[in-house]
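> let me see the structure of the following:
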Amino acid sequence: MLGDKFLEDVPCDLSEGDRATLGLELAEAIVERDRIAEELAAYTKRHRATIKELDESISEKATALESGSILRAIECFERANYSTDQVEVVRTDTQEVVWVRPFESDERAVPLFGRDVPADDDEPDEREDMPAPLEPVADDTQL
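Okay, the predicted model is just below:
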């Protein structure tokens, strides 16, 4: 009704004390906001990394289930197949050929006497840094 009293927000000039108090409150609010923003960024970064790791794990498991196989570290050895000019990678537990690759240029030579062994243990083997010759594979086409 007309004549009733009520509160209304009205622009008022700030006193020096009001300015000082408001300035401190503003600075505190900015510092608190920045602190929370930094915490949020760290939290988000940490959880994004966790989500990425979980997504990779989910993808690997889904692929394995879909394909029916999974990659595992199995002890293998390389064997030379001179009839095909290829090196075979063979599982030591099942003797199954896992995959083959072409010979590299230094693997083409057939070893005549196996690996050289120094006569005296005190003499270093000049070829010590070279890999051992590959095991030959029987040529199944000539059997």
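
> tell me the confidence at E39?
Per-residue confidence (pLDDT) for E39: 97.

> so where does it fall, helix or strand?
helix 16-67 (DSSP states H and E).

> sort out which residues of the following helix or strand past that helix are buried, please.
Later in the chain than helix 16-67, the nearest helix or strand by DSSP H and E is strand 76-81. Under the neighbour-count criterion of 16 or more other C-beta atoms under 10 Å, strand 76-81 has 76, 79-81 buried. Every C-beta, even on glycine, is put in place using the N, C-alpha and C of the backbone.

> dump those residues into TSV; add pLDDT as well.
As requested, those are exported to TSV (pLDDT from 0 to 100):
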residue	pLDDT
C76	96
R79	93
A80	91
N81	90
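
> looking at those residues, which is nearest W99?
Proximity of the buried residues of strand 76-81 to W99 was ranked by C-beta to C-beta; the top entry is C76 with 9.4 Å.

> who's that closest one bridged to?
Under the criterion DSSP bridges, C76 forms beta bridges with R91.

> in the protein, what helix or strand scores lowest on average pLDDT?
In the chain, no helix or strand scores lower on mean pLDDT, DSSP states H and E than strand 135-136, which sits at a mean of 63.

> can you name the residues that contact A29?
Not one residue lies near A29 by C-beta atoms under 8 Å, 6 or more residues apart in numbering.

> give me the pLDDT for it.
In this model, A29 is scored at 97, pLDDT.

> residue ranges with poor pLDDT in this structure?
110-143 (pLDDT under 70).

> can you give the domain ranges for it?
When the chain is parsed with automatic domain parsing, its domains come out as 15-69, 76-142.

> buried deepest among these, which one?
Mean neighbours per residue, mean count of other C-beta atoms under 10 Å, is largest over the domains of the chain for domain 76-142, with a mean of 12.

> CA atoms only for the helix or strand that contains R101, dumped as PDB, please.
Per DSSP H and E, R101 falls inside strand 97-102. Only the C-alpha atoms of strand 97-102 are listed here, as PDB (Å, rounded to 0.1, in the frame of the first residue of the first chain):
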ATOM      1  CA  VAL A  97      55.800 -71.000 -36.200                       C
ATOM      2  CA  VAL A  98      54.400 -67.700 -35.000                       C
ATOM      3  CA  TRP A  99      55.500 -65.600 -38.000                       C
ATOM      4  CA  VAL A 100      58.200 -65.400 -40.600                       C
ATOM      5  CA  ARG A 101      60.300 -62.600 -42.000                       C
ATOM      6  CA  PRO A 102      62.700 -62.400 -45.000                       C
END
